[in-house]
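3D, please:
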Amino acid sequence: MKKQSKLAAMVGAIAVSVAVTVASCTFDEPRPPTPAPTPQTVTLRIGTNDDGDVPTRRQIEEYARQVNAASSGRLLVEPVYKAAGDVPRDWDQAVARKVVSGDLEMGLIPARAWDTEGVTSLRALNAPFLVTSEAAMKAVAAPAIATEMLAGLDAIGLSGLALFPEGPRFLFSFGAPVLVPADLKGATVRSPRSATSYALFSTLGATADDLSSQQMTDLVARGALRAAESSFAYEPTLPKPSTVTGNLVLFPKINTLVINAAVLAALSANQQRILREAAEITREWSVALLPSTANDAKQFCQGGGTVVLASEAQLAGFRDAAAPVYAELEKDPPTRALIAKLRTIAAAAPAQAPPGACDLEHQ
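Numbering: from 1, shown residues only. Next up, the predicted model:
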């Protein structure tokens, strides 16, 4: 009840109203002119767990720029970084819950996070070893299929505006490279919270945990952390040195742009249009700037990292090991249908050459 009151108050604050005072008059007195309405500025706060020079921040800032420009400054999107503070666990989910409750009007939340929050329609994006090429990541974020996946957010009081692709996720190992599933047996792997990705690591014999940077450093020093599921964009936050298996793409990171449904409903039709059109423009911007894995791997090597490549037989071993994850996901008919669609998209995408290795010992 408290959350509902808070949300109602917040929605009321967003609704645009113009008070017009009319001076009292008689038939013998001229009526003074009605003052022209003064446009009021509506500010929508958009939250993310991230901070620093990372793709999520750049996507938010581009979206804010598009909205502000299209509305001539009358509709503002205000970024809120580290929106949930220094929470020790479930940081993406903590921000998502703030949007659901109305503590934030909007959020940019990784698609992987929603499967712990009662949303199943985005799980297919995190199906292991399925969407692995840059071309496929661009295609699955297009409205033709994104709209269907985002619709699942309606059930928890959110409206999904767009999917912004960010890039592939890899295993960065600390010590010997990860080349076969057995390399993870009994190991701890740092991974942001997601029921689907955690199920993958469990199937591979590992335990996933959403550790902080400091916790990772401490565990690596004790030899207690085998690897981290991450991307080249976030590699600077990982302990060093690390080794990445460059042709083992686990799944993509794709961000969901969401708004509290009650907040959206309180806006005018024109304001809603601006938000949606800016979302599509920003999606296209994100697609155009999707980083090249080959270039990222080259820079990683130049910075002291190591890239190794698994053989085709080793890659097949990982795909085979993931079969129980698919069996569980596909118990849900809509998820099964979405996985089939993503499989078709991935198969039709142009083949992507793996990045070059930069460790002669393991080539």
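
Wait, a helix at residue 301?
Yes - assessed with DSSP: H, G, I helix; E, B strand; the rest coil, residue 301 lies in a helix.

Need the nearest residue in space to it, chain neighbours excluded.
Nearest-residue entry for residue 301: residue 358, 3.6 Å, with adjacent residues in sequence omitted and distances by C-beta to C-beta, 6 or more residues apart in numbering. Where C-beta positions appear, they are placed from N, C-alpha and C, glycine not excepted.

my read: the one you found touches residue 303, true?
No - under the criterion of C-beta atoms under 8 Å, residue 358 is not in contact with residue 303, lying 10.5 Å apart.

for the stretch 201-350 of the chain, what spans make up the strands?
207-209, 227-230, 243-245, 251-260, 306-308 (DSSP state E, counting those that start in this stretch).

The longest one pairs with which strands?
Same thing as strand 251-260. strand 106-110 (antiparallel), strand 158-173 (antiparallel) (DSSP bridges).

mind listing the helices in the stretch 51-200 of the chain by residue range?
55-70, 91-101, 134-140, 143-150, 195-203 (DSSP state H, counting those that start in this stretch).

Could you pull up the mean pLDDT of the first one?
Taken as a whole, helix 55-70 carries a mean pLDDT of 97.

For residue 257, give its distance to residue 173.
According to C-beta to C-beta, to the nearest Å, residue 257 stands 33 Å off from residue 173.

Could you report the neighbour count for residue 53?
9 (other C-beta atoms under 10 Å).

Residue 292 now?
Count around residue 292 with other C-beta under 10 Å applied: 13.

Find the nearest non-adjacent residue to it, please.
That would be residue 134: by C-beta to C-beta, 6+ apart, it lies 7.3 Å from residue 292.

Just give me the neighbour total for that neighbour.
By other C-beta under 10 Å, neighbour count at residue 134 equals 22.

follow-up on the earlier one: can you list the strands paired with strand 251-260 in a markdown table and add mean pLDDT, mean neighbour count and distance to residue 337?
What follows is these, written out as a markdown table (pLDDT from 0 to 100; neighbours: other C-beta atoms under 10 Å; distance: least, C-beta to C-beta, whole Å):
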| stretch | mean pLDDT | mean neighbour count | distance to residue 337 |
| --- | --- | --- | --- |
| strand 106-110 | 98 | 27 | 22 |
| strand 158-173 | 98 | 26 | 18 |
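
Include distance to residue 320 when you put these into JSON lines, please.
Formatted as JSON lines, the strands paired with strand 251-260 follow (distance: least, C-beta to C-beta, whole Å):
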{"stretch": "strand 106-110", "distance to residue 320": "27"}
{"stretch": "strand 158-173", "distance to residue 320": "17"}
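
can you tell which of the ones you listed is closest to residue 263?
Taking C-beta to C-beta, strand 106-110 is the member of those nearest to residue 263, at 7.7 Å.

Give me the residue ranges of the stretch 151-300 of the chain where confidence is low.
By pLDDT under 70, the stretch 151-300 of the chain contains no weakly predicted segment.

Could you check the pLDDT of the closest residue to residue 41 other than its chain neighbours?
Distance criterion C-beta to C-beta, 6+ apart; nearest residue to residue 41, sequence neighbours excluded, is residue 74 at 5.6 Å. Per-residue pLDDT puts residue 74 at 96.

count of residues packed around residue 74?
There are 16 residues near residue 74, going by other C-beta under 10 Å.
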